[in-house]
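Enquirer: This is a predicted model, with the sequence first.
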Amino acid sequence: MLADHDKMVEKIAESCRMLGELEVTKEALGHVSWRIPGTETMLIKGKGPGEVGLRFTQPREIKELALAVSQHVAPTSGSPLRLAS
């Protein structure tokens, strides 16, 4: 299972780089995510201080996050926060 997880991390990073290279998104906006089957978690490109644009995404920037949250937190960037189910 760990090998599959690592492969998906690589694929997500590669997909982010492809979107960036094709200029499908603007600057650092946009992401690729994948909900891990049979779980309440997802893999997604992390964002934060020192973030690089999509075309430079590395596997270490792909984070595993729980979908369940105990509270809603307003985004600090001023952009809307969207979670797709």
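Expert: Right, received. Where do you want to start?
Enquirer: so I12, which of the three states?
Expert: Going by DSSP: H, G, I helix; E, B strand; the rest coil, the secondary structure assigned to I12 is helix.
Enquirer: My guess is it contacts I62. True?
Expert: Yes - at 5.1 Å, I12 counts as touching I62 under the criterion of CB atoms under 8 Å. Any C-beta I mention is one placed from the backbone N, CA and C, and that applies to glycine too.
Enquirer: Overlap of the contact sets of those two?
Expert: 43-45 (CB atoms under 8 Å, 6 or more residues apart in numbering).
Enquirer: Tabulate those residues in JSON lines, adding columns for pLDDT.
Expert: Shown next, in JSON lines, are these (pLDDT from 0 to 100):
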{"residue": "L43", "pLDDT": "92"}
{"residue": "I44", "pLDDT": "90"}
{"residue": "K45", "pLDDT": "88"}
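Enquirer: Which one (most neighbours) among the residues you listed?
Expert: Using other CB atoms under 10 Å as the neighbour test, these are led by K45, with 22 neighbours.
Enquirer: out of everything not next to it in sequence, what's closest to that residue?
Expert: Distances taken as CB to CB, 6 or more residues apart in numbering place H31 nearest to K45, at 4.5 Å, with adjacent residues excluded.
Enquirer: I'd guess that neighbour is in a strand, am I close?
Expert: No - assignment of H31 by three-state DSSP gives coil, placing it outside any strand.
Enquirer: My guess is it contacts K47. True?
Expert: Yes - assessed by CB under 8 Å, H31 is found in contact with K47 at 7.5 Å.
Enquirer: These two - which one has more neighbours?
Expert: Higher neighbour count among H31 and K47: H31, with 17 against 14, using other CB under 10 Å.
Enquirer: want to try JSON lines for the shared contacts of I12 and I62, with secondary structure and distance to T57 as columns?
Expert: JSON lines is the format used below for the shared contacts of I12 and I62 (DSSP: H, G, I helix; E, B strand; the rest coil; distance: CB to CB, whole Å):
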{"residue": "L43", "secondary structure": "strand", "distance to T57": "12"}
{"residue": "I44", "secondary structure": "strand", "distance to T57": "11"}
{"residue": "K45", "secondary structure": "strand", "distance to T57": "6"}
